[in-house]
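1. mind folding the following:
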Amino acid sequence: RVLVGHNAYQNFGGEDAVAASETRLLRERGHDVHEYHRSNAELNRLSLKDKSRYLWYLGWNEESYQQVRALIRNVRPEVAHFHNIYFMMSPAVYHACRAEGVPVVQSLHNFRPLCANGLLFRNNHVCEDCLRGSLMPAVLHRCSQNSPIISAMVVRMLRSHRKMNTWREKVNVYITATEFTRQKYAGAGFDADRIFVKPNFVEDPGEVPAQDRGYALYVGRLSDEKGVDVMIRAWKDLTDIPLRIAGDGPGRLYLSGYIQRHAIKHVTLLGHVDDEKYRELMGGARFLVLPSICYENFPRIAVEALAYGLPVLASRLGSLEEVINHDENGMLFEPGKEEALAAAARTLYQSSDLPRMREAARQKYADEYSPDKNYDQLLAVYERALHSS
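-> Residues are numbered from 1 along each chain as shown. Alright, predicted model coming up:
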């Protein structure tokens, strides 16, 4: 019997998808799963006064604490598995589980316990200023929502739980999706022996006939850390390689303006696409582009590409190097370098090895990122949590 806790984001994203997929997987395999669910959309219903009060108590949500304790008494789970807990749940949910004698598993989908914005990224570059020492740089640089007040409140929350030893004493086992992320947490003082690498999985899309229509594809959020500005500059002169961009975000205005100013005809902004269109795009692309300039914890879209047998052109940065093997199931290039991206795109687009790369991509998915593989790994983590309590 498992209690799964997840604090949904205002806009559905990768962490939400992982939480939903793992919950569904457990139920399909016959487990009794109970969910504790909250959403940051709840903030929209609060008055300005209540939002200010909530911000002050960011580190301890008493309502979530009491609700989790009551739920545990009612359903008696053997283990509690949390995904995102920010910001409506708070780390108080760990304390609730400990008070009721339930071991806790926490999936580390980002770097939130180490960094005010959870990305280890600011001003368009990787930042590790707060990893081992003071968190004050986060306030100075307004790392959370570009607000000194919100940044200060997030730092206050993180500092208080460091002092309370919440991360060390209230969580039994941590999950990271890659060894890279595990090493970052271990380097920041987390107990490496309690951090287990379990990649995320995606459902098998089944037999998707490869219909290479000769275009490159980007799917994801349009924002600075995703490197979309680097991508569009790299593509300006790649006039013989069509690029389709599916997604939305704060960078859309920059992209559309750049395309208009430079009269770029071979790049198409598609905006948000539905599942049917997404499947069509993945099935027809020659390769997927992942130009991130931040530490991607685990790019779900990369694994989805592998499941489709689609080679990936990705930044040689962070966890991407564990998912994409250069010249095997894709290619890697120097992050943030538009010339390097353009050169790699042209090489991959013209490569006679694309059929082999497609086979290798599909094989890596089957070997490492299938539901069956993930289920076995997840149960092993739960067993470790039970034995450590």
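
2. okay, now the domains of the chain?
-> Using automatic domain parsing, the domains assigned to the chain come out as 2-201+371-388, 215-368.

3. most packed of those?
-> domain 215-368 (a mean of 19; mean count of other CB atoms under 10 Å). Glycine gets a C-beta too; all of them are placed from N, C-alpha and C.

4. any chance of the domains of the chain in a markdown table, plus mean pLDDT?
-> Below are the domains of the chain laid out as a markdown table (pLDDT from 0 to 100):
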| stretch | mean pLDDT |
| --- | --- |
| domain 2-201+371-388 | 95 |
| domain 215-368 | 97 |
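
5. tell me who's in contact with residue 237.
-> By CB atoms under 8 Å, 6 or more residues apart in numbering, the residues touching residue 237 are residue 342.

6. can you tell me the helix or strand for it?
-> Counting by DSSP states H and E, no helix or strand carries residue 237.

7. between the domains of the chain, which gets nearest to residue 208?
-> domain 215-368 (4.8 Å; CB to CB).

8. now the end-to-end length of that closest one.
-> 27 Å (CA to CA, to the nearest Å).

9. can I get the domains of the chain in CSV with distance to residue 207?
-> CSV is the format used below for those (distance: least, CB to CB, whole Å):
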stretch, distance to residue 207
domain 2-201+371-388, 17
domain 215-368, 10
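
10. quick one: residues contacting the closest residue to residue 2 other than its chain neighbours.
-> Nearest residue to residue 2 in three dimensions, chain neighbours excluded: residue 33, at 5.1 Å (CB to CB, 6 or more residues apart in numbering). For residue 33, the contacting residues are 1, 2, 3, 4, 23, 26, 27, by CB under 8 Å, 6+ apart.

11. wait, the first one touches residue 78, no?
-> Going back to what we said before, that points to residue 1. Yes: applying CB atoms under 8 Å as the test, residue 1 and residue 78 come out as touching, 5.2 Å apart.

12. any idea how far residue 266 is from residue 272?
-> Distance, residue 266 to residue 272, by CB to CB, to the nearest Å: 21 Å.

13. ranges for the strands of this protein?
-> For the chain, the strands defined by DSSP state E occupy 2-8, 33-39, 79-82, 104-107, 121-122, 125-126, 173-176, 195-197, 215-219, 243-246, 267-271, 285-290, 312-315, 330-333.

14. for residue 158, which of those is the nearest?
-> strand 104-107 (14.6 Å).

15. returning to what we had before: next one: the residue nearest to residue 2 from residue 24, what distance?
-> Distance, residue 33 to residue 24, using CB to CB: 9 Å.

16. do residue 50 as well
-> Spatial separation of residue 50 from residue 24 under the definition CB to CB is 34 Å.

17. in contact with residue 317, which residues?
-> If you count contacts by CB under 8 Å, 6+ apart, residue 317 has them with 126, 292, 293, 294, 295, 296, 335.

18. and of those, the nearest to residue 193?
-> Of these, the one sitting nearest to residue 193 (CB to CB) turns out to be residue 295, at 22.6 Å.

19. follow-up on the earlier one: including distance to residue 208, could the strands of the chain go into TSV?
-> Shown next, in TSV, are these (distance: least, CB to CB, whole Å):
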stretch	distance to residue 208
strand 2-8	29
strand 33-39	30
strand 79-82	31
strand 104-107	28
strand 121-122	33
strand 125-126	35
strand 173-176	29
strand 195-197	28
strand 215-219	14
strand 243-246	17
strand 267-271	19
strand 285-290	11
strand 312-315	16
strand 330-333	17
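
20. nearest to residue 322, of those strands?
-> Each of these has some distance to residue 322 by CB to CB; the shortest is strand 195-197, at 9.2 Å.

21. show me how far that closest one is from its chain's centre.
-> Taking the mean C-alpha point of strand 195-197 and that of its whole chain, the gap between them comes to 16 Å (CA atoms, centre = their mean, to the nearest Å).

22. quick check: which helices or strands does it pack against?
-> For strand 195-197, the elements it packs on are strand 173-176, helix 179-187, helix 371-388, judged by 3 or more CB pairs under 8 Å, 6 or more residues apart in numbering; DSSP states H and E.

23. adding distance to residue 319, write these out as JSON lines.
-> Output for the helices and strands packed on strand 195-197, formatted as JSON lines (distance: least, CB to CB, whole Å):
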{"stretch": "strand 173-176", "distance to residue 319": "9"}
{"stretch": "helix 179-187", "distance to residue 319": "5"}
{"stretch": "helix 371-388", "distance to residue 319": "16"}
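
24. for residue 345, find the nearest of these.
-> Taking those one by one with CB to CB, helix 179-187 is closest: 24.2 Å.

25. closest to residue 138 out of the contacts of residue 33?
-> Among the contacts of residue 33, residue 4 lies closest to residue 138 (CB to CB), at 29.6 Å.

26. my guess is the closest one meets residue 21, correct?
-> No: with contacts counted by CB under 8 Å, residue 4 stays clear of residue 21, the gap being 11.2 Å.

27. hmm, back to that, out of the helices and strands packed on strand 195-197, which gets nearest to residue 60?
-> Among the helices and strands packed on strand 195-197, the nearest to residue 60 by CB to CB is strand 173-176 (20.8 Å).
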